[in-house]
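Student: Dropping the sequence and predicted coords here.
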Amino acid sequence: MPRSVCGVQPTPICIAVWACLMAPLAYAQTSAPSTENADQPAQAVVISGSRIKRDNYSSTAPLQILRNEDSAVAGFTSTAEVLQGTAVTGGQGQINNAYGGYVTDGGPGANTIGLRGFSPTRTLVLLNGRRLAPSGTRGSVGAADLNILPDSIVDRIEVLKDGASSIYGSDAVAGVVNIITKKNIDGIKADAKLTQTQGGGNEYTFALVGGFVSDRAHFSGSYEYSERTNLTLGDRDWTRCNTDYRRTSVDGVVGEWGSFDFVDPATGKPKCYPISGTGSNGVTINTIGTSTRAGVGAPGSVTTSFNRWRPNDAVTTGLVGFEGVGGGTNSLNVRDTYDPRMLNRSLISPMTNHNVYLQGGLDLSALNNAELYYEVLYNRRESKQTGYRQLSLDYMKGSPLIPAELAFSTVSGPTPITNGANMGVRAFIGFGNDTSSQSVDFARAVVGLRGTVFKSGWDYDVVATHSESKGSYTFESFLTNRLAQSLNVVPNGTGYDCFDPSGGCVAAPALTKAVIGGQLPAAWVNYVWQPVTGVSKYKEDVLSASITGKLFDMPYGKAKAALGAEVRHYSIDDTPPLDAQTGNLYNLTSATPTRGSDTAKDVFGEVEIPLLANVPWAHELSVNASSRWSDYNSYGSGSTYKVGALWSPAKWVTLRGTASTSYRAPALYEQFLGATSGFLSSQGDPCNGWDAASNAGTVRATNCQSEGLPAGYSATSSITVLNSGGAAAGLKAETSQNSTIGLIFQPELGTGWGDISFAVDYFDITVDNGVARAGASSILARCYDDPQFRSGGGFCRLVNPRNPSSNALTVNDSYVNLATDIVRGLDFTTRYTNNLGIGKLRLNLNATRFNSQANKLFAEDALDEINGTIGSPQWSGRLDVHYDIKNWRLYYGLDWVGATSSYAYFEEDPATSSYKLDTPNYYTSTVAVGYKADKWEVTLGVKNLEDVKPPQISAQAGYNRVGNAPLYSGYDYVGRTFYLNVSKSF
């Protein structure tokens, strides 16, 4: 039995659980027939994936149902955490609270869900069957933020893992997540949740839920406050020292992992690089850059000439007071890269959340007993992150701030802060910690009218939804203009003054060893280092009307249908900080406003026909078909369809399947993203050396010559890259083909053997015309290799004419339709219940096996298969075991992320490679005990019981890392966590 499942000393319960897990090998999403409780009301219901009311939860598509009370017992503190768990995601990575320091859609602090490994914009999130609008910060707001959900009043989550655009419209490509709130609440209930880790990342939640029910009206609501404390890199031993984590490999003989790592001569230990996830490429600090000259090298250096220096008062020859740490063939590892303040960086973002949710309905006693219903949701999220910044301070050639021993140096020509003069010396300074914060207000109002159409047997529902998100985001930055102004100084006898004292200018400090080491005058820091704020707004209005009812009677049931129409208008308005718009953020990219809107008009229909029922070889046989036509102001119209069938030859076996097309209209940010600027080296100009013999007769040489470029051309200007939205380039919707086929077994066991159900579902999704950026280098290559060149459109549409004076290139790397993504695999599910001993046992096993996870950027490219590589496991699963004894409940949970390997992807031999490119099976266990009385209940548990740490991989292996672990949501960064849930009803 694997040691990693149960720790060093396996317990009897762990052995029993492992035996249960091995019996069916692997399982996945829970299908509706195997998840509903026996006490489910017999009234007509509408399940996710259909608009037709029915008498049961049978579905032609795989549907997983997760109960809120089960999730709470298992230690999940929020709906977001449930949805990002292995049972829902199939082990595929999600954007969670560990991504605060990375550029993500929705901005730092947002939590999103993307089914089947697709991006969050390809999964539709609903609240009570109605679309949940995106929210977040910065320009790329395009997916629902799970933080806004009213966790305390959630009853269940229905997860449809199948395309459903014909039912719900855009975005339902990989599937649909429908969060359903509790109804008919009568009374008040108070909930408190507490999690306690081994330091940092603790969570506290308090909630009130209440309501009343009368003959004609019902009302309920909730308020929830939640808080998560900061978890830093210094709080966990495995994040305190990021190393290369490589091994020696000589003539096929390999060493231990870490044997290749650079050993710091000062400590005799492997060198730490916590400033970046790229190992020895960590940014240097406590260093100056000069023009090359001879000097005394630091320990580990191999030459006598350097252009990087570290202060050392013991050096009395060469460059007095400095030792060489870089230049020529010297190892970059000699440089200083570590600052203890780096460990203050956030591993898990702290956050506070306020959530208010109200819902209700009123019987109008009119319009044939119509009900006026409503929902109101308000949420405020406040999150922040701590980072670390390096300051590259460029001193002007000839500046009095440069000491005499460094006056020889000329590093380069002018830079943005040298006031037009050459750069004399660059100081690489460990500045210290910076903070960024977000405050996001989200409001949603729903009002609707539903009832029956006279006595026709048809029901109608007309509903309007308005959503608004407003987020402000603040971060700290050096201002380019202030740095330049402060570096242009004149002596005043006792120090220095700004040559231009306007605006309260504070002169930059003279270049001393203390300054190089990060000791900077507070007054100067306060002048050049400023918080800047941007504001993001997103609005969405939806008006929908539908009817559903019986078409006609058939021999084996009623043929039913649903028809409807919907209008959606949505807009985005992101205004970056003014200094970002003017390019005044030092060493950060510029940004322009993202503004735009779109309107969609849809009509849709669905029909369900029972063909056979309760006859030999057909306990049930039915088909379902749906279609939707959509018209967008932005790109035009299109249609989708879905056909499904369900056949039960007998009560104990069911075969189901679907075939459909889906679409995703380009998100507003993909259409209208304001241009952000970046640069490529001049070496990337495709016309460099166009007249070389090797290029003779090529299309590229012809195109370069047609632009009037001289023979022997070599670009001297950087290539400007503008990242922007693709509306102007004719961006259209993504399309996809989806199919599923499933088999469900529910055999009747003998008396005393309990009830069991098993389901296996195959899924196949192909997305075409995927919205993506091609990348500036690919755009240039494809433009200049196009025989029609600029007259033919194509990728040359994205390349501006050359600057007439400098021949400089500008590339618009906007969103375009070009990518293909393919996902195929199997979901397995088993559910078993039985009265065992003095209690009742309930066991759920879920697992997913991906057969393929492949993608390509261009049509002629070969598919890149990433299935089973780091961050994209082939296998994952979850086991939940509940045992109820009267008022007591015992719980055991096991999460499993399968082993991964990227050796084949990178064409490396795992036996001899010096890189660690694989991870083992990863297991974490949860145990809990709960007690429920008439008016109160309590649960105490432990998550990640064995305190299993994330696995390690090598740096420079093509993956972002946290410490030495992959940046991947399937691994637990928090560690062993105790949790306590207490509730009291009134």
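Tutor: Arrived safely. The structure displayed is predicted, hence computed values, not measured ones.

Student: hey, let's count contacts and neighbours off CA atoms from now on
Tutor: OK.

Student: Tell me how many other residues crowd residue 453.
Tutor: Neighbourhood size, residue 453 [other CA atoms under 10 Å]: 17.

Student: Which residues are in contact with it?
Tutor: Counting by CA atoms under 8 Å, 6 or more residues apart in numbering, residue 453 makes contact with 368, 459, 460.

Student: Give me the sheet partners of the helix or strand hosting the second one and which way each runs.
Tutor: With elements taken from DSSP states H and E, the one containing residue 459 is strand 458-478. The strands that strand 458-478 pairs with in its sheet are strand 423-452 (antiparallel), strand 529-554 (antiparallel) (by DSSP bridges).

Student: With mean pLDDT as extra columns, can I get these in a markdown table?
Tutor: Below are those laid out as a markdown table (pLDDT from 0 to 100):
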| stretch | mean pLDDT |
| --- | --- |
| strand 423-452 | 96 |
| strand 529-554 | 97 |
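
Student: winner for burial among those strands?
Tutor: Stretch with highest mean neighbour count among these: strand 423-452 (a mean of 21; mean count of other CA atoms under 10 Å).

Student: Now find how far off-centre that one is within its chain.
Tutor: 14 Å (CA atoms, centre = their mean, to the nearest Å).

Student: What's the first helix or strand after the lowest-mean-pLDDT helix or strand in the chain?
Tutor: Within the chain, no helix or strand scores below helix 12-22, which has a mean of 34 by mean pLDDT, DSSP states H and E. Downstream of helix 12-22, the next assigned helix or strand under DSSP H and E is strand 63-67.

Student: buried residues in that following strand?
Tutor: Residues of strand 63-67 classed as buried by neighbour count (16 or more other CA atoms under 10 Å): 63, 64, 65, 66.

Student: Could you list the paired strands of that strand along with their orientation?
Tutor: The strands beside strand 63-67 in its sheet (DSSP bridges) come out as strand 154-160 (antiparallel).

Student: what's the helix or strand just after the partner strand packed up against?
Tutor: Downstream of strand 154-160, the next assigned helix or strand under DSSP H and E is helix 165-168. Under the contact criterion of 3 or more CA pairs under 8 Å, 6 or more residues apart in numbering; DSSP states H and E, helix 165-168 touches strand 594-615, strand 618-632, strand 636-650, strand 653-664.

Student: nearest residue to residue 757 other than its sequence neighbours?
Tutor: Leaving out its chain neighbours, the residue that sits closest to residue 757 by CA to CA, 6 or more residues apart in numbering is residue 746, at 4.4 Å.

Student: Could you do residue 834 as well?
Tutor: Residue 834's closest residue in space is residue 754 (CA to CA, 6+ apart), at 4.1 Å.

Student: In contact with the one you found, which residues are there?
Tutor: Residue 754 touches 832, 833, 834, 835, counting by CA under 8 Å, 6+ apart.

Student: Pick the one among the residues you listed closest to residue 965.
Tutor: residue 832 (36.1 Å; CA to CA).

Student: in the helix or strand that closest one falls within, what counts as buried?
Tutor: According to DSSP H and E, residue 832 maps onto strand 810-836. Residues 810-835 are the ones in strand 810-836 that count as buried (16+ other CA under 10 Å).

Student: Same check on stretch 336-348?
Tutor: Neighbour counts over stretch 336-348 (16+ other CA under 10 Å) mark 336, 337, 338, 339, 341, 342, 343, 344, 345, 346, 347, 348 as buried.

Student: Of the residues you listed, which is the nearest to residue 583?
Tutor: Once CA to CA is applied, the member of the buried residues of stretch 336-348 that ends up nearest residue 583 is residue 345, at 26.2 Å.

Student: ok so, going back, who wins for proximity to residue 243 among the helices and strands packed on helix 165-168?
Tutor: strand 594-615 (39.1 Å).

Student: Each with direction, which strands does that closest one pair with?
Tutor: Applying DSSP bridges to the sheet, strand 594-615 is found paired with strand 557-575 (antiparallel), strand 618-632 (antiparallel).

Student: rewinding a little: so the residue nearest to residue 757 makes contact with residue 831?
Tutor: No: contact between residue 746 and residue 831 fails when scored by CA atoms under 8 Å: they sit 9.6 Å apart.

Student: any shared contact partners between the two?
Tutor: 756, 757, 758.

Student: between those, which is closest to residue 136?
Tutor: residue 758 (39.6 Å).

Student: and that closest one, how many neighbours?
Tutor: Applying other CA under 10 Å, I find that residue 758 has 23 neighbouring residues.

Student: ditto for residue 323
Tutor: Neighbour count of residue 323, defined by other CA under 10 Å: 26.

Student: In a helix, it, correct?
Tutor: No: assessed by DSSP: H, G, I helix; E, B strand; the rest coil, residue 323 does not belong to a helix; its assignment is strand.

Student: and it, what are its bridge partners?
Tutor: Bridge pairing for residue 323 - DSSP bridges - gives residue 310.

Student: If I look at it, what pLDDT would I see?
Tutor: Per-residue pLDDT puts residue 323 at 93.

Student: I'd guessed it sits against residue 301; true?
Tutor: No: here residue 323 lies out of contact with residue 301, judged by CA under 8 Å, at a distance of 9.7 Å.

Student: nearest residue to residue 380 other than its sequence neighbours?
Tutor: In space, residue 380 is closest to residue 441, 4.6 Å off (CA to CA, 6+ apart).

Student: List the residues that contact the one you found.
Tutor: Residues near residue 441 by CA under 8 Å, 6+ apart: 378, 379, 380, 381, 469, 470, 471.

Student: Could you rerun that using 6 Å?
Tutor: 379, 380, 469, 470 (CA atoms under 6 Å, 6 or more residues apart in numbering).

Student: ok, now how distant is it from residue 228?
Tutor: 18 Å (CA to CA, to the nearest Å).

Student: Which helix or which strand is home to residue 689?
Tutor: Here residue 689 is assigned to no helix or strand, by DSSP H and E.

Student: That one is in contact with residue 713, isn't it?
Tutor: Yes: Residue 689 lies in contact with residue 713 (CA atoms under 6 Å); the separation is 5.5 Å.

Student: Surely residue 311 touches residue 322?
Tutor: Yes: counting by CA under 6 Å, residue 311 does reach residue 322; the two are 4.4 Å apart.

Student: More neighbours: the two, which one.
Tutor: A direct count of neighbours by other CA under 10 Å for residue 311 and residue 322 places residue 322 higher, at 24 against 20.

Student: Distance of that one relative to residue 409?
Tutor: Distance from residue 322 to residue 409, by CA to CA: 14 Å.

Student: before we move on, the earlier item: of all the contacts of residue 754, which comes closest to residue 430?
Tutor: Closest to residue 430, out of all of these and judged by CA to CA, is residue 832, at 58.1 Å.

Student: For residue 548, see how far away that closest one is.
Tutor: 35 Å.

Student: Could you do residue 766 as well?
Tutor: 31 Å.

Student: Could you tell me how many residues sit around the closest residue in space to residue 259 that isn't next to it in sequence?
Tutor: Nearest residue to residue 259, sequence neighbours excluded (CA to CA, 6+ apart): residue 247, at 4.7 Å. Using other CA under 10 Å, residue 247 is surrounded by 20 other residues.
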